[in-house]
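Visitor: coordinates only, sequence not included:
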């Protein structure tokens with residue numbers, strides 16, 4: 001089911017931000033900044049709603065004794081610990097040292113473990129792709145090897161050269177690809193929104 005009102009909103013916001021990027025106008029810049037701030041607030045509200053929904057879901061699992069009770073306790077306990085550390089009287093919110101300690105001592109190691117698992121799974125997938133002799137697999141493995149070489153923790157002139165090469169690679173070719181993807185996605189979203197608003201396209205299924 002289509003939502004022409006939402007599509008029109010996306011189209012108007014996109015055109016407004018595009019006009020702000022192309023035209024130098026203080027009033028237009030203020031309006032675009034207001035729209036961006038409103039979008040940030042909406043995203044923050046959606047994130048809070050998602051966290052609250054997760055807490056309610058895990059709490060319901062504990063109450064009804066279903067699912068994984070250990071996982072539910074860990075999720076709810078972690079949420080409660082961060083909330084207490086950030087919202088306690090005299091606390092500094094997200095900048096509180098207790099919150100920073102939790103991030104450094106708990107969240108960062110967990111994230112490192114997840115990335116370690118991702119590395120192993122990616123390595124296995126690359127091995128299977130190379131065994132299948134797919135051209136994209138050779139490109140993937142080659143780029144991964146170059147990236148590993150550029151990120152080697154070396155000192156001296158060689159280390160400085162590798163660091164400069166890594167920065168250039170991130171800013172120029174990779175940045176160009178990412179910007180191209182974002183522009184393409186934005187154009188597709190604008191076209192779909194315009195088609196929805198104008199009623200162009202096939203009937204709803």
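Guide: Yep, that arrived. It should be emphasised that the depicted structure is a prediction, and the values quoted were computed from it without experimental measurement. Residues are numbered from 1 along each chain as shown.

Visitor: can you pull out the helices in this structure?
Guide: Along the chain, counting by DSSP state H, helices occupy 4-22, 26-64, 69-87, 97-102, 108-131, 135-150, 156-169, 175-198.

Visitor: weakest of those by average pLDDT?
Guide: Lowest mean pLDDT within the helices of the chain: helix 4-22, a mean of 74.

Visitor: which parts of that helix are buried?
Guide: Using 16 or more other C-beta atoms under 10 Å as the test for burial, helix 4-22 gives 7, 10-11, 13-14, 16-17, 20. C-beta: built from backbone N, CA, C; applies to glycine.

Visitor: With distance to residue 37 added, can I get those in TSV?
Guide: Listed next are the buried residues of helix 4-22 as TSV, based on distance: C-beta to C-beta, whole Å:
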residue	distance to residue 37
7	22
10	17
11	20
13	12
14	16
16	13
17	13
20	13
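
Visitor: What sits closest to residue 85 if chain neighbours are left out?
Guide: residue 98 (3.9 Å; C-beta to C-beta, 6 or more residues apart in numbering).

Visitor: I'd guessed that neighbour sits against residue 91; true?
Guide: Yes. In this structure, residue 98 is within contact of residue 91 by C-beta atoms under 8 Å, at 7.4 Å.

Visitor: got any residues that touch both of these two?
Guide: By C-beta atoms under 8 Å, 6 or more residues apart in numbering, residue 98 and residue 91 have these common neighbours: residue 85.

Visitor: what's residue 66 sitting at in phi/psi?
Guide: Per-residue torsions, residue 66: phi -130, psi 160 (degrees, to the nearest 10).

Visitor: can you count the residues close to it?
Guide: Residues lying near residue 66 (other C-beta atoms under 10 Å) number 10.

Visitor: pLDDT at it, what is it?
Guide: 82.

Visitor: Would you check how far apart it and residue 78 are?
Guide: As for residue 66, its distance to residue 78 is 20 Å (criterion: C-beta to C-beta, to the nearest Å).

Visitor: do residue 38 as well
Guide: 30 Å.

Visitor: Those two: which has the busier surroundings?
Guide: Neighbour count, other C-beta under 10 Å: between residue 38 and residue 78, residue 78 has more, with 14 against 11.

Visitor: Spit out the contact partners of that one.
Guide: Neighbours of residue 78 in contact, by C-beta under 8 Å, 6+ apart: residue 106.

Visitor: now the one 5 residues further on
Guide: Residue 83 makes contact with no residue under the criterion C-beta under 8 Å, 6+ apart.

Visitor: How many neighbouring residues does the nearest residue to residue 154 once chain neighbours are set aside have?
Guide: Distances taken as C-beta to C-beta, 6+ apart place residue 162 nearest to residue 154, at 6.2 Å, with adjacent residues excluded. Residues within reach of residue 162, counting by other C-beta under 10 Å, total 16.

Visitor: That'll do, ta.
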